[in-house]
Each structure stands twice: as C-alpha cells, then as structure tokens.
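Enquirer: Here's my sequence, what's the structure:
(chains A and B)
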Amino acid sequence: MSVEQAEIEKIAELARIRIAEAEVAEVTERISSILDLVGQMQAVDTAGVEPMANPLDASQRLRVDEVTESDRHQEFQQLAPAVENDLYLVPKVID
Amino acid sequence: MLDQTLVQLSDSLAAGAFSSEELTSALLAQIEAHNGDLNAVITVTPEQALADARAADQRIAAGDKAPLTGIPLLHKDIFCTEGIRTSCGSRMLDNFVPPYDATAIARLKATGAVMLGKTNMDEFAMGSSNESSYYGPARNPWDSTRVPGGSSGGSAAAVAAGFAPGATGTDTGGSIRQPAALCGITGLKPTYGRVSRLGMVAFASSLDQGGPMARSAADCALMLSAMAGFDPADSTSAQREAEDFSSDLERDLDGLRIGLPREYFGDGLDSGIAAVVEEAINSFEQRGATLVELSLPHSHLAVPAYYVIAPAEASTNLSRFDGVRYGHRCENPADLHDLYTRTREEGFGAEVKRRILVGTYALSAGYYDAYYRKAQQIRRLIQQDFVSAFSQVDVIMGPTTPHPAWVLGEKANDPVAMYLEDIYTLSVNLAGLPAMSIPAGNSDGLPAGLQLIGDYFSESRLLNIAHQFQQHSDWHLQRPELDGGSEQ
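Expert: Numbers count the residues shown, from 1 in each chain, chains lettered A, B, ... in the order given. Next up, the predicted model:
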C-alpha cells in the first residue's frame, strides 16, 4: 500500500469531499494502485529538463484593460440554489 | 437518407432532394426507435431541432447555404448550450441550464447546423467506457453488451447508429479517438488551441480539445472548418487564420513518409487489431508511401505522466463545484464545511472523486516536485520524441486502441486496467498534437481503428491522408444492424 488511510482522509478533507467511513478502505486501495502506476515516473532521470505546462509553450495573451462583459448577474443567479438581494446564500459562517 | 454521409447530405440538401425538416424528422425517429437500447443521447431537443431545420430550409431557399446549413448534429453534453441542460454526465450538473453557448456550438449554429440533442458521456469526461455517466452507460451499436468507449461514447455510438451524420466530442486523453475506434467511425482531435474551449466544461485545461466525430474524413473536415478558429475569449486559443480543411482532401499520397513507432506494436496489442493496422499501412505503401520505422522512447511514461497532470488539473478545475453558485447542493447543510463536503460527496461519482483525490495529493505540500513537476518534465520528453520523429516523417501511424470494445462491467472496478486502454492516445494530448482514428477493419467482428498522428496544425494533411484511405476502402461506410425498432 503506497498510501495510508489517514493520508487519504487528509487529502479528502483538503479536496472538501466527504468519504463515508465504510468506503475509506476501498478508496485508499484504489488510489494506492493509481499512485503505484504513476510511481513509474520516479525511475526516470529528468535533471535539467524544463517542465512543460502548455503543449505549445504559449503564455497567456494580454488584452486591453477595458470592460467587455455586460451585467447578466440576474440571469446567472437564477442558476443558484439560494439567492437573496442579489447575494448568494450559504449557511451562517460568523455568529 | 440515413445511409448518406454528411457530405452527401449537404449535397442532397443543396439539390433539394429533401428538406432539412424531412431529414431532421427522420433522424429524430431513428433516435426515438433505438435510443432506448443504446442510451447514446441524454437529452433530445425535437422542437428546437425542427424549428432550426425550418430556418435552415429558408436559408437554403434564399441561396444562403453553407456546407453545414440544415445538417442535424448531436453535441456532447460537455458543451454548454443556451437554454438546454448541460449535465457533463454528472449529478453535479443534472440541473444546470447554461445561459450561453460554447463557442464551438455558437459557430456551428451560426452556419445553420441543426442541434438534435446532447450525447451521453463519462462523468466530466473521465473514463474510457462511458460507464461513469450518471445517466448509465451508452452501449455499442455493434454489440449492445459492449461499451462504446469513452469519454465521448454517446457521440460515437450515436453516429454509428445513424442518429446523426456527425457529433461533437472532446479529447483529453483519447476521448474522441478511442470511442471512434470502438464504434467504427472517424474522429479527429485537433491541435491544442484549434477549437475554442470557451463553454466546454473544463477537465484538464492544458489537454482538453474539442473536435468532430462523423463517418468519414471528408465529413470531419466540414465540421472542423465550422468549429475551429481563434477565439479572443479563450486565452489558450491558437491565433491562426480560419482554414478550409476540405481543400487538401484530394492531394495524392506520393512521397508520403509514414512513421511506425516500434513502441506502438509491442506486447499487449490485440492480434486482430495488429493485423488490421498492418494491412492498412501496407495499402498506403502500395499507393506510394514510404514506411519509416522509428522510436518514441518515452511512450511508456505517457500513462503515468498523464495520470498526474490530468487529475491535478481536474482537482483545480472541479473545485468550482461548491453548491453555492450553480449545480447540485446537498439538503440542510449544518454549516459551510458540511455544505461543501456533502455537496461534493453526493454530486460526484466514484471515478471523478478518485481523480480529484489523486490530483489533490499530487499538488499537496511536499509532493509537488515528485509528482506534478516530474510529470511536466516527462511531458516535455514525450513531446521532444514527437518533434524529433516529425523531422523524418509526415505522419505517424499505429493502432488507436490495444483492444476492441469490451463487455460492459469488465473493467469497471479496475481503474488502472481502464487507464491502460488509452496507452496509444494519451501521449498525443500531452504533446498537444492533432490525431485521428479511422475505421480500418474488424477484430472478432468488432471495429478496429487506425490512428494517424500529425505535426502541429497539420489537420488538413491528416484529413487528406485519411480521405485517401477512405477512397480505397469502405470500412467507414459499414453500419451495424440495430436490434428492434424500425430502420428507415
């Protein structure tokens, strides 16, 4: 097992995904098998190789700093589970 | 009319042999008759399709006909469609109705193409069998006990079953080419940046690319000409002039240099597929092509590097699904933490969760250099293998997949076995190159695909090579016999 159950629980917390207690062992086993697969990379000497983030080695284009969007917030907020006074509602965060 | 290719349908509409409304009605009837068995289409939009078809008929009557005007298409449910639910195959977006069209969809609409509906797919495009869809798996029309491939499995099954002459797909690690191979159709993954990613639900942003799926290379050329082009709203869109991808189809293949990487013909390749690919390559040689054996020495690292980079980017992209602004939200959250964690537990399926967890792990403190940075370095080694190969050859050929379509459920509980099905397609996405799969024969009665990989922005040449093959073969014209329903 290349990864411990406690570590998967920590990662799940970082990713904000709840995993039911009954499933943690199975998830850990599957993730372990994936990490074993990707572990093959470690055998390769990559010293001095420039990491590639974009396949065309392109960088982000800049554009003129001007407003190009129209205000469609009411349309967008119709998709939200809970909205009041143009604000997205979430459970109380601060008492 | 359901036997015609997209190119033939376009000519028939121009000649007035039938109207777009008649064609659209016939295709809607075909979907109605067979989608119950195949589950290739998640959402059918008959009213809008018929309205679009009538508008296209008016355009044609007025002499304003582009090649795709009046042609009915299906769209992978990853492309945002204004006013039509776009689920991405996930419970998370089961209730999501986008307020805008993806650029690729807007471009197809503007040219007068008709939308029949949205196709089934692996959840968030993560899968190679369509079995991770929240809506249940699409099935392979050649044998409905088998998978159609994935993630664009619904699009591939739909085209093979004659639901539409063409469909859109997306390809992050083989998701156009692999289902095209398994369903016996033609699919093209363009160069990274060719087709705008705006409005295409993001999986792995440095790998994702939309493209056409249809019966022939000539059909794909018409679709790509409409879909591709610079989009200022996509910061990774390639700044290239619009192209007519059909213009080079008839060029002859004399002097073509075909690279055959020895890594693509090794252990693990189904013998039936190996025979099909060998015969196809020999037929190119007989028509004047030169075969060049070469090596892509880092090929075996494509699967490990991909399964770090794609999950890492996915874990970042999918962090936007928080139950606050759109999509699924859990009932009665106790607090904000509970809202996030339970919404994501309920909204995502098992494979999506696995990839988010692997990606989060690879990006977490202490592991970044060993995983993400290492994978990006290997990505460059893989890309350099291709750059060096394309200094010697015009195109690289090999199998699209190691096996033909497998039985539903066979690999569903073994993610690593599933990942290895994409062994020949992943490196193309890592390098950002264009590639196609074309039907080249059968293995055990199931379709087998030939993969063609080209240099950057060489789609016209790839389509030319594929078209020339299809001028001398009829694998792309073969259709499965569908169970039940009424054939038209």
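Enquirer: How about residue 35: what's its closest non-neighbour residue?
Expert: No chain was given, so I picked chain A. Spatial nearest neighbour of residue A:35, excluding adjacent residues (Cβ to Cβ, 6 or more residues apart in numbering or on different chains): residue A:2 at 4.8 Å. From N, CA and C alone the C-beta is placed, and that goes for glycine too.
Enquirer: Can you look at chain B instead?
Expert: residue B:41 is the one closest to residue B:35 (Cβ to Cβ, 6+ apart), at 5.1 Å.
Enquirer: residue nearest the centroid of chain A?
Expert: residue A:15 (6.6 Å; Cα atoms, centre = their mean).
Enquirer: which ones are touching that residue?
Expert: B:315, B:319, B:344, B:356-357, B:360 (Cβ atoms under 8 Å, 6 or more residues apart in numbering or on different chains).
Enquirer: what separates the residue nearest to residue B:35 from chain A, distance-wise?
Expert: 23 Å (Cβ to the nearest Cβ, to the nearest Å).
Enquirer: pretty sure that residue contacts residue B:118?
Expert: Yes: judged on Cβ atoms under 8 Å, residue B:41 makes contact with residue B:118 at a distance of 6.9 Å.
Enquirer: what about the strands in chain B?
Expert: B:41-44, B:72-76, B:114-119, B:166-170, B:186-189, B:210-214, B:257-261, B:290-294, B:395-399, B:435-443, B:446-454 (DSSP state E).
Enquirer: Columns mean neighbour count and mean pLDDT on top of those strands, output as CSV?
Expert: As requested, the strands of chain B are exported to CSV (neighbours: other Cβ atoms under 10 Å in any protein chain shown; pLDDT from 0 to 100):
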stretch, mean neighbour count, mean pLDDT
strand B:41-44, 22, 98
strand B:72-76, 31, 98
strand B:114-119, 28, 98
strand B:166-170, 30, 98
strand B:186-189, 33, 98
strand B:210-214, 31, 98
strand B:257-261, 20, 98
strand B:290-294, 14, 98
strand B:395-399, 24, 98
strand B:435-443, 26, 97
strand B:446-454, 28, 98
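Enquirer: Could you dump these into JSON lines and include distance to residue B:461?
Expert: Shown next, in JSON lines, are the strands of chain B (distance: least, Cβ to Cβ, whole Å):
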{"stretch": "strand B:41-44", "distance to residue B:461": "33"}
{"stretch": "strand B:72-76", "distance to residue B:461": "25"}
{"stretch": "strand B:114-119", "distance to residue B:461": "29"}
{"stretch": "strand B:166-170", "distance to residue B:461": "21"}
{"stretch": "strand B:186-189", "distance to residue B:461": "12"}
{"stretch": "strand B:210-214", "distance to residue B:461": "16"}
{"stretch": "strand B:257-261", "distance to residue B:461": "12"}
{"stretch": "strand B:290-294", "distance to residue B:461": "15"}
{"stretch": "strand B:395-399", "distance to residue B:461": "7"}
{"stretch": "strand B:435-443", "distance to residue B:461": "11"}
{"stretch": "strand B:446-454", "distance to residue B:461": "6"}
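Enquirer: Of all the ones you listed, which one is nearest residue B:56?
Expert: Residue B:56 lies closest to strand B:114-119 among the strands of chain B, at 6.1 Å (Cβ to Cβ).
Enquirer: Residue of chain B nearest chain A, please.
Expert: For chain B and chain A, the shortest gap (Cβ to the nearest Cβ) falls at residue B:432, measuring 2.5 Å.
Enquirer: Next, count neighbours for that residue.
Expert: 25 (other Cβ atoms under 10 Å in any protein chain shown).
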